[in-house]
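Asker: Dropping a prediction and its sequence here:
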2 protein chains.
Amino acid sequence: MQEFKVKSIGTIYSPHTSPKGTPIQPIGAKGIKGTIELFPEYVPGLKDLDGFSHIILLYYFHLAEDGPMIVTPYMENKPRGVFSVRMPGRPNHIGISVVRLNTIRDNILEIENVDILNGTPLLDIKPYVTTFDIFQTEREGWLSPISDEAENKKCDGRFS
Amino acid sequence: MQEFKVKSIGTIYSPHTSPKGTPIQPIGAKGIKGTIELFPEYVPGLKDLDGFSHIILLYYFHLAEDGPMIVTPYMENKPRGVFSVRMPGRPNHIGISVVRLNTIRDNILEIENVDILNGTPLLDIKPYVTTFDIFQTEREGWLSPISDEAENKKCDGRFS
């Protein structure tokens, strides 16, 4: 086992002030706006980002606690392996969300479709690119019949 | 600025033994096979994962060095903000690849379309789900006219 240090490069602000009630995916957060406050030293790295309508955010689930290897997901009341679900309580507390990028002004990014908790430490921004990020799946396991329901599911706060 | 510790949960093995020549995206690695050796304590977390044809890997760019905020991407000989490119030399060295999951046996996952360097520390596995991970973009910035070319681009080793 190796350990690595990661650091926050900014903070994500959103209307989701507690885990309970937070949408569990961006598709359940349509129209919900948020703000990224990037630390000033990283502002030069934003060059050219305003050309992209969608960005991938990597962030640290700062309120999540380590959970067991078998979890009961929000989506269904059945025990599942933690790597087959998208919940915060996983070995490394790293989350991914693809959000809409509305505007950038200095170190402030206005974003939309935000399923991220207020005050979440930001780790990275990458451009979302159709050619790189869209894959045709053949099987989507236990989520296949129910993934659409994520639109209406909220976090119940069980991981913090 | 906050620091967080992350840990490897396994190791990714691939035919890409040096950065130079490694494909820069999974679309440039079609058919290239690799193996994940998960550390034994995480094996129970693999339950249900075999139902998914595609998985998201988060990993640590272990050979990357910190780079400047303005970089020249592999794709084009023009200076770009680091957050508008997908290269390893970024503030936090976390990479994402969506690969095909072929088989799981005990702690060994056979994967395909691998653009990841041999010996890379694995941080997380999440299921790739069409409903959660496919977004319609309106703008893809500087990559828009050339993203298809990533299929034939290789890393030139500049980040390690």
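Answerer: Looks like it came in fine. Numbering: from 1, shown residues only, chains lettered A, B, ... in the order given.
Asker: A:Trp142 contacts A:Asn77, doesn't it?
Answerer: No: applying CB atoms under 8 Å as the test, A:Trp142 and A:Asn77 come out as separate, 11.7 Å apart. For every residue, glycine as well, the C-beta is placed using N, CA and C.
Asker: Out of those two, name the residue with the larger neighbour count.
Answerer: A:Trp142 (21 against 7; other CB atoms under 10 Å in any protein chain shown).
Asker: residues in contact with the residue lying farthest from the centre of chain A?
Answerer: The C-alpha centroid of chain A is most remote from A:Met1, which lies 25.5 Å away (CA atoms, centre = their mean). Neighbouring residues of A:Met1 by CB atoms under 8 Å, 6 or more residues apart in numbering or on different chains: B:7-8, B:39.
Asker: just so I have it, where are all the strands in chain A?
Answerer: A:3-7, A:10-13, A:33-38, A:54-60, A:70-71, A:80-81, A:94-105, A:108-112, A:120-127 (DSSP state E).
Asker: which one of those has the most crowded surroundings?
Answerer: Most buried of these by mean neighbour count (mean count of other CB atoms under 10 Å in any protein chain shown) is strand A:120-127; its value is a mean of 24.
Asker: Show me what it is packed up against.
Answerer: Counting contacts by 3 or more CB pairs under 8 Å, 6 or more residues apart in numbering or on different chains; DSSP states H and E, strand A:120-127 packs against strand A:10-13, strand A:33-38, strand A:54-60, strand B:94-105.
Asker: Can you tell me the strand partners of the first one and which way each runs?
Answerer: Sheet pairing of strand A:10-13 (DSSP bridges) gives strand A:33-38 (antiparallel), strand A:120-127 (antiparallel).
Asker: Strand A:108-112 and the first one, what's the angle between them?
Answerer: Looking back up the chat, that one is strand A:33-38. Taking axes from the mean of the first three to the mean of the last three CA atoms, to 10 degrees, one finds that strand A:33-38 is oriented at 150 degrees with respect to strand A:108-112.
Asker: Quick one: residues in contact with strand A:33-38.
Answerer: A:9-15, A:46, A:57, A:99, A:102, A:107-112, A:114, A:116, A:122, A:125.
Asker: swap the cut-off to 10 Å and go again
Answerer: A:9-16, A:45-46, A:55, A:57, A:59, A:97, A:99-102, A:104, A:106-118, A:120, A:122, A:125, B:83 (CB atoms under 10 Å, 6 or more residues apart in numbering or on different chains).
Asker: related to what we said a few turns ago, contacting chain A as well, which ones from the contacts of A:Met1?
Answerer: Near chain A, judged by CB under 10 Å from any CB of the partner chain, the entries from the contacts of A:Met1 are B:7-8, B:39.
Asker: Any chance of JSON lines for the residues you listed, columns pLDDT?
Answerer: JSON lines is the format used below for the ones next to chain A among the contacts of A:Met1 (pLDDT from 0 to 100):
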{"residue": "B:Lys7", "pLDDT": "98"}
{"residue": "B:Ser8", "pLDDT": "98"}
{"residue": "B:Phe39", "pLDDT": "98"}
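Asker: Rebuild the residues you listed as CSV, extending it with distance to B:Val71.
Answerer: Shown next, in CSV, are the ones next to chain A among the contacts of A:Met1 (distance: CB to CB, whole Å):
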residue, distance to B:Val71
B:Lys7, 28
B:Ser8, 26
B:Phe39, 33
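Asker: returning to what we had before: name the nearest of the contacts of A:Met1 relative to A:Gly28.
Answerer: Distance to A:Gly28 across the contacts of A:Met1 (CB to CB) is lowest for B:Lys7, with 29.8 Å.
Asker: residues contacting the residue lying closest to that closest one once chain neighbours are set aside?
Answerer: Take B:Lys7 and drop its neighbours on the chain: the residue closest to it by CB to CB, 6 or more residues apart in numbering or on different chains is A:Glu3, 5.1 Å away. A:Glu3 makes contact with B:5-8, B:60, B:121 under the criterion CB under 10 Å, 6+ apart.
Asker: How about A:Pro19?
Answerer: A:Pro19 sits next to A:61, A:63-64, A:88, A:117, A:154-160 when contact means CB under 10 Å, 6+ apart.
Asker: So which of those residues reach chain B?
Answerer: Near chain B, by the rule CB under 10 Å from any CB, you find A:Phe61 out of these.
Asker: can you list the contacts of A:Pro19 in CSV and add neighbour count and pLDDT?
Answerer: Shown next, in CSV, are the contacts of A:Pro19 (neighbours: other CB atoms under 10 Å in any protein chain shown; pLDDT from 0 to 100):
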residue, neighbour count, pLDDT
A:Phe61, 22, 96
A:Leu63, 15, 93
A:Ala64, 19, 91
A:Pro88, 23, 92
A:Leu117, 24, 96
A:Lys154, 15, 86
A:Cys155, 21, 86
A:Asp156, 12, 84
A:Gly157, 12, 78
A:Arg158, 15, 76
A:Phe159, 19, 66
A:Ser160, 15, 64
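Asker: quick one on the thing from earlier: export the helices and strands packed on strand A:120-127 to a markdown table and tack on mean pLDDT and distance to A:Ile146?
Answerer: Formatted as a markdown table, the helices and strands packed on strand A:120-127 follow (pLDDT from 0 to 100; distance: least, CB to CB, whole Å):
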| stretch | mean pLDDT | distance to A:Ile146 |
| --- | --- | --- |
| strand A:10-13 | 98 | 28 |
| strand A:33-38 | 98 | 27 |
| strand A:54-60 | 98 | 24 |
| strand B:94-105 | 98 | 20 |
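Asker: With that, I have no additional questions.
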